[in-house]
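based on what follows, work out the 3D shape:
(2 chains)
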Amino acid sequence: MIDKKQFLQNFADQFDDEPEGLTLETKIRDIEGWASIVALSVMAMCDEEYDVILSANEMENANCIADIFKIVNERIKN
Amino acid sequence: MATIRYKGVTVKAITACVPKNISKNSDLTYLIPEEEIQKTVNSIGIREKRYVDEDVTASDLCFKAAERLFEENDIDRNSIDMILFLSQLPDFKIPATAPLLQHRLGLPNTTAALDLSLGCSGYVYALSTAMAYASMPGIDRVLLLDGETFSKIVNRMDKVDAPLYGDAGTATLVEKTNDGSEAVFKLYTDGSGEEAVKIKAGAGRCRTTAENLREHTEKDGSILSDNEVFMNGMEVFNFVMRAVPRSIREVCEAAGADLSGVGHLVLHQANKFMTDFIVKRLKYPVDRVPYCLDRYGNTSSSSVPLTIASELAGTELGDVILSGFGAGLSWGAAYLSLRHCKVSHVIEY
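Numbers count the residues shown, from 1 in each chain, chains lettered A, B, ... in the order given. The predicted model follows:
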C-alpha cells in the first residue's frame, strides 16, 4: 500500500497553484486549476514516483483522486 | 525486430525553410481564456508558429530548402539519383509530389522519385529509406525532402491542436562515403493506436461528404470536422511514456554507444511537456537537447531536420540521436554521425 498522504501531496504538486484540503474523495474535475495539462502531469507523476503508467482511458474515467490511487496501488502490487 | 545498420552512407547537408507569417499563441484569446494562455505557452513551450499562405504547400517550402541546399553545397543536379518526398500533405492525391519536385528542381529524368507518408516519426523512417537506397549499387545520392503544412488541417477552434502545429519544409542530402561511419536505426509500430492522432475522413476509408465536413464539438469544447486532425493528448502521452525513452536506450545499445556521451539528442518537437519528460526520464543533459519549438511549434515530421538547421547550424557536430514519434502509432530512433554534414541556417519562404 502506498502512502496516502504522500500520494495526495504528489497529486497536489502537479498544479501551478497547489490546491489545499485534497482528500481521496475529492472530485478531480472540481479542483480549481484542473486542466488537460494537469492530467498529463499526474500521468507523469505516477510514472516517475510509482513506476505506473496510466492509460488515457484510466485517466479519463477517473472521477475522484481515489480512483487513481487505487489503480496505482493495484499496479504496484503486481 | 527492425534494427537496421548502414555503412558507407552519410548525411551530407541539411537545410530548412519556414513561411514568413507568424501566428502567435498570445493571439488565441478567442479560444483560450487570457489568464490561461501564458500557462499553456509555458507548458507546451510554444510561443509562436509559422503558417503558410493558402496557396503555398509543403512541397513549395521543400523546393526552396532544396534550392538552398544545392547552392550552398555546390551540388550538381545531375548527380541526384533519387528524390524522396515525405509529407502527409502532398500537392495532389494524384500524381505523387516527388515527380513534380523532380521536374521543378531540374533533376534529370534518370532520377527515381517516390512519395512517403508518415506522421511525426516520419523523418527517422525516411532517413532510413534514403540511406537504404544510397547504400545500393547504382544510387550514390538521395535527396530527402520532408515538409508539412498542418495549418491547412487544424481547425482554429481546436484547443488541443491550434496552439501546437506549425509549417516547415526541409531538405536532406544523403550520399555514399568512405569515412567508415555507421548509422543505426530502430523502427517501431503499434497500429492498435490508430485513433490517437487521426483525420477520420477525406481518404479511401471514408470519403469527404457534406455531413463529415460539418463541424462538431469535442468533450473539451474544441470544434473541428472529421476532415481535420484530431489528437487525443492523453493517449499520445501514454504512448510516449511507454515507448520513446526505451527506443532511445535501445538504439544506443544497438550502436554500442553510451547515451551520456552522445553529442546531441534531437527529439521530435511535439511539445515541451513531452520532450522534457523524455529528457528527464533518460537523465540526459538538457543543454545538449536542441529546441526550436518556441518559435516554430510542432512541425510534425519536419521538426527533427528543422531543429538541426535552426539550433545546430554553424556548430561542430558529432554523433547524434534522432527520435521521432507520433501518429500510427509509429516511432523510431537513429544513431548516426553528422560530423561531415553541412547544416545551413533556416531560411524564410
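
okay, CA-based contacts and neighbour counts for the rest of this
Noted.

residues from chain B in reach of chain A?
With CA under 8 Å from any CA of the partner chain as the criterion, chain B meets chain A at residues B:S43, B:M234, B:E235, B:F237, B:N238, B:M241, B:R242, B:F277.

quick check: B:H345 vs chain A, distance?
33 Å (CA to the nearest CA, to the nearest Å).

ok, B:A203 next?
Between B:A203 and chain A the computed distance is 27 Å (CA to the nearest CA).

format the residues of chain B next to chain A as CSV; extra columns: neighbour count, distance to A:K70 and pLDDT.
Putting those into CSV (neighbours: other CA atoms under 10 Å in any protein chain shown; distance: CA to CA, whole Å; pLDDT from 0 to 100) gives the following:
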residue, neighbour count, distance to A:K70, pLDDT
B:S43, 15, 28, 90
B:M234, 22, 19, 89
B:E235, 20, 20, 91
B:F237, 24, 21, 90
B:N238, 18, 18, 90
B:M241, 20, 20, 89
B:R242, 14, 20, 88
B:F277, 18, 24, 91
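
tell me the one of these nearest B:K93?
Using CA to CA, B:E235 is the member of those that lies nearest B:K93, at 29.3 Å.

which non-adjacent residue is nearest that closest one?
By the measure of CA to CA, 6 or more residues apart in numbering or on different chains, the closest residue to B:E235 outside its immediate chain neighbours is A:A56, 4.9 Å from it.

OK, contacts around the one you found?
B:M234, B:E235, B:N238 (CA atoms under 8 Å, 6 or more residues apart in numbering or on different chains).

what about the helices in the chain?
Looking at chain A here, since you left the chain open. Applying DSSP state H to chain A gives helices spanning A:4-12, A:36-50, A:56-61, A:65-77.

nope, chain B
Assigned by DSSP H, chain B shows helices spanning B:34-44, B:58-73, B:97-104, B:122-135, B:210-213, B:233-255, B:272-282, B:293-296, B:303-312.

so what's the residue most central in space within chain B closest to, chain neighbours aside?
Per CA atoms, centre = their mean, the C-alpha nearest to the average position across chain B is that of B:S301, at 1.6 Å. Nearest non-adjacent residue to B:S301, counting by CA to CA, 6+ apart: B:C120, 4.1 Å away.

isn't the one you found right next to B:H268, touching?
Yes. With contacts defined as CA atoms under 8 Å, B:C120 counts as touching B:H268 at a distance of 6.9 Å.

what does chain A have sitting close to chain B?
Counting by CA under 8 Å from any CA, the residues of chain A lying close to chain B are A:I37, A:A39, A:L40, A:M43, A:A44, A:I53, A:L54, A:S55, A:A56, A:M59.

which one of those residues sits closest to chain B?
Minimum distance to chain B across the residues of chain A next to chain B is 4.9 Å, recorded for A:A56 (CA to the nearest CA).

local confidence estimate at that closest one?
The score at A:A56 is 89. That number is its pLDDT.

next one: A:N78
Note on A:N78: pLDDT of 57.

do B:D55 as well
According to the model's per-residue confidence, B:D55 sits at a pLDDT of 97.

could you pull up phi and psi at it?
Main-chain torsions, B:D55, degrees, to the nearest 10: phi -90, psi 10.

number of nearby residues for it?
6 (other CA atoms under 10 Å in any protein chain shown).

again, but for B:T209
Other residues lying near B:T209 total 12 when counted by other CA under 10 Å.

next up, the contacts around B:N232.
With contact taken as CA under 8 Å, 6+ apart, B:N232 is in contact with B:E195, B:A196, B:V197.

7 Å - rerun?
Neighbour list for B:N232: B:A196, B:V197 [criterion: CA atoms under 7 Å, 6 or more residues apart in numbering or on different chains].

do you know the pLDDT at it?
As predicted, B:N232 sits at a pLDDT of 92.

for it, what are phi and psi?
Torsion angles, degrees, to the nearest 10, at B:N232: phi -100, psi 100.

show me which pair in the residues of chain B next to chain A is furthest apart.
B:S43 and B:R242 (20.6 Å).

for the chain, which spans come out with low pLDDT?
No chain was given, so I picked chain A. Within chain A, the stretches falling below the threshold (pLDDT under 70) are A:77-78.

wait, chain B was what I had in mind.
For chain B, no range has pLDDT under 70.

could you rerun that using 90?
For chain B, the stretches with pLDDT under 90 are B:1-2, B:33-36, B:39, B:178-181, B:219-221, B:234, B:241-242, B:281.

hmm, back to that, so which of the helices of chain A is the most surrounded?
Scoring the helices of chain A by mean neighbour count under mean count of other CA atoms under 10 Å in any protein chain shown gives helix A:36-50 as the most buried, with a mean of 19.

contacts for it, please.
Residues outside helix A:36-50 that contact it (CA under 7 Å, 6+ apart): A:F11, A:Q14, A:F15, A:V52, A:I53, A:L54, B:M234.

now swap in stretch A:66-76 and tell me
A:M1, A:I2, A:L24, A:E25, A:V52, A:A62.

just the buried ones from those?
Using 16 or more other CA atoms under 10 Å in any protein chain shown as the burial test, the contacts of stretch A:66-76 include A:L24, A:V52, A:A62 as buried.

could you check how far B:D115 is from B:N109?
The span separating B:D115 from B:N109 equals 16 Å under the rule CA to CA, to the nearest Å.

quick one, which of these two is more surrounded?
It is B:D115, of B:D115 and B:N109, that has more neighbours when counted by other CA under 10 Å, with 20 against 12.

identify the residues contacting the more buried one.
Contacts for B:D115 (CA under 7 Å, 6+ apart) come out as B:L84, B:F85, B:L86, B:A96, B:T97, B:A98.

you'd agree the third one is up against B:L145?
Yes. Assessed by CA atoms under 7 Å, B:L86 is found in contact with B:L145 at 6.1 Å.
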